[in-house]
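**Q** I would like to see how this sequence folds:
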Amino acid sequence: MKRTTSALLLCAALGCKHGGGAVLSEAGASFKPSPRPATQSSQISIHNLDATIDDERERATRGEAVFRRMLPDRLLERASYLGTTADFDEADTSSAKNLELEPTDAGVIQTRAHVLSALHRFGDALAMLDDAAKHGAAGDEVARSRATILLATGRCAEAAKIWPAMPYALDMAARGAMEQRLGHAELAETLFERGRVEFRDVSPMTFGWMDFERARAFEREGQNAKARVYLEDALEAFPEYAHAAVHAAAYVPPERAIAMLEIVEKRADDPDVFAAHADALRRMRRDPEAHAMTDRARTRMEDELKKHPEAFADHAARFFLGGGGDVKRALDLAKAAAGRAPSEEVLEVWLLAARAANESAETCAAVKAADATTCPLRASRATFDEARKSCK
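**A** Numbers count the residues shown, from 1 in each chain. Coordinates of the predicted model:
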């Protein structure tokens with residue numbers, strides 16, 4: 001459970017955003033992945049996860065401490081897969097309450113760090129990890145969680161030094177994501193493929209996460225056709241995977257995108273899902289429906305910004321830069337998000353918003369921030385190089 005949670009935090013901490021209307025290159029258009037291992041029905045997996053959460057919540061209310069401690073991580077798992085934002089709220093509340101009850105328990109402290117990291121409260125999360133280590137938390141688990149935060153905050157070189165050994169397929173996929181961010185695309189692919197070949201679980205959720213992270217690595221390399229292959233592979237195993245559907249929707253015909261997203265929307269209330277749906281409707285020229293879905297996305301985005309501004313600032317910036325139609329708001333949000341977690345994706349949104357707003361000072365500030373990270377630019381390098389020409 002701890003290993004799964006740490007892996008999922010890679011996506012939550014780094015922000016799993018979609019680009020909307022992405023362009024596919026011809027390279028990789030005929031690419032086919034190696035055979036996908038057999039996994040159980042996604043509906044069975046979701047039912048089991050729901051039942052486990054319900055059971056843990058009930059036992060927690062009866063005062064059974066072990067289940068009270070386990071509940072926040074389980075809620076994070078469901079939120080990360082299904083796009084159920086209320087689970088983030090409950091994980092936040094329950095992990096804070098657990099910490100009040102057991103302030104010196106290493107597991108409780110570490111779980112609180114997981115939640116804070118997922119909500120992009122990275123400084124607080126790092127402080128919690130320090131405290132967890134002082135109270136005896138497993139060194140590898142602390143190091144893995146810390147490295148994920150360092151990646152999210154533009155400190156890739158530091159993350160590489162502390163990432164622990166990876167004996168399991170899930171760990172190899174997580175390491176692959178990190179190696180790609182370090183600029184080691186070939187090594188990343190080797191690790192992703194090894195994780196795929198050595199996958200021995202039956203969970204479509206875990207396998208879908210591995211496919212999703214591989215797709216994100218290809219996106220960051222500008223290889224969107226290959227990214228699409230792995231996103232669709234993830235959704236074949238796990239159609240309800242919210243983040244995978246949001247990303248895949250940008251690459252497929254709008255009719256298919258809507259079909260994917262409608263499956264997800266049976267559970268998800270993540271604003272990115274509705275933003276992707278609105279984008280698909282616009283591509284179909286169903287303008288009244290697109291406007292209504294954009295309003296729905298905006299309402300949900302504003303709700304989440306009020307509750308968790310750190311976690312949703314980067315998502316909101318991309319939304320307002322696109323279908324949300326508010327460049328100034330996008331610029332303010334992207335700048336704030338980059339100040340906390342200057343990943344390549346966030347820095348690019350800051351740069352694009354600055355250029356759209358004709359703000360030369362902000363354009364150069366985004367370039368300077370990108371130059372200050374130890375994570376090399378990949379897909380956005382040409383965009384930053386062009387912008388840099390106008391900066392003194």
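
**Q** does Phe384 really touch Ala370, like I thought?
**A** Yes - proximity of Phe384 to Ala370 meets the contact threshold set by Cβ atoms under 8 Å, at 5.4 Å. Backbone N, C-alpha and C define where each C-beta goes, glycine included.

**Q** Looking at these two, which is more packed in?
**A** Ranked by neighbour count (other Cβ atoms under 10 Å), Phe384 and Ala370 place Ala370 first, with 26 against 18.

**Q** what residues are shared contacts of Phe384 and Ala370?
**A** Residues touching both Phe384 and Ala370 (Cβ atoms under 8 Å, 6 or more residues apart in numbering) are Leu347, Leu351, Leu377.

**Q** Buried subset of those, written for ChimeraX?
**A** The ChimeraX command for the buried members of the shared contacts of Phe384 and Ala370 (criterion: 16 or more other Cβ atoms under 10 Å) is given here:
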select :347,351,377
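
**Q** which ones among the shared contacts of Phe384 and Ala370 are found in helices?
**A** If you go by DSSP state H, the shared contacts of Phe384 and Ala370 have Leu347, Leu351 in helices.

**Q** continuing past the worst-scoring helix or strand of the chain on mean pLDDT, what's the next helix or strand?
**A** Least confident helix or strand, the chain: helix 2-14 with a mean of 56, by mean pLDDT, DSSP states H and E. Toward the C-terminal end, the helix or strand that comes next after helix 2-14 (DSSP states H and E) is helix 42-61.

**Q** Could I have the CA atoms of the helix or strand following that following helix written out in CSV?
**A** Later in the chain than helix 42-61, the nearest helix or strand by DSSP H and E is helix 65-82. Only the C-alpha atoms of helix 65-82 are listed here, as CSV (Å, rounded to 0.1, in the frame of the first residue of the first chain):
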residue,chain,number,x,y,z
ALA,A,65,-6.9,2.8,15.2
VAL,A,66,-5.2,0.7,12.5
PHE,A,67,-8.1,1.4,10.0
ARG,A,68,-8.2,5.0,11.0
ARG,A,69,-4.5,5.3,10.1
MET,A,70,-5.0,3.5,6.7
LEU,A,71,-8.0,5.5,5.5
PRO,A,72,-6.2,8.7,4.2
ASP,A,73,-3.8,6.8,1.9
ARG,A,74,-6.7,4.8,0.5
LEU,A,75,-8.7,7.9,-0.2
LEU,A,76,-5.7,9.4,-2.0
GLU,A,77,-5.5,6.3,-4.1
ARG,A,78,-9.2,6.6,-5.2
ALA,A,79,-8.9,10.3,-5.8
SER,A,80,-5.8,9.9,-7.9
TYR,A,81,-7.4,7.2,-10.1
LEU,A,82,-11.1,8.2,-10.3
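
**Q** which residues touch the helix or strand following helix 65-82?
**A** Next along the chain after helix 65-82, taking DSSP H and E as the criterion, comes helix 85-101. Here helix 85-101 makes contact (Cβ under 8 Å, 6+ apart) with 60, 68-69, 71-73, 75-76, 78-79, 108-109, 111-112, 114-115, 118-119, 269-270, 300, 304, 307-308, 311.

**Q** now the strands for the stretch 201-350 of the chain?
**A** In the stretch 201-350 of the chain, no strands are defined using DSSP state E, counting those that start in this stretch.

**Q** could you pull out the helices for it?
**A** 204-220, 224-237, 242-249, 254-264, 271-283, 287-307, 309-321, 327-340, 344-356 (DSSP state H, counting those that start in this stretch).

**Q** Point out the most buried one among those.
**A** helix 242-249 (a mean of 28; mean count of other Cβ atoms under 10 Å).

**Q** Could you check the angle that one makes with helix 65-82?
**A** With axes from the mean of the first three to the mean of the last three Cα atoms, to 10 degrees as the basis, helix 242-249 and helix 65-82 are set at 10 degrees to each other.

**Q** Against which helices or strands is helix 242-249 packed?
**A** Secondary structure elements in contact with helix 242-249, counted by 3 or more Cβ pairs under 8 Å, 6 or more residues apart in numbering; DSSP states H and E, are helix 65-82, helix 204-220, helix 224-237, helix 254-264, helix 271-283.
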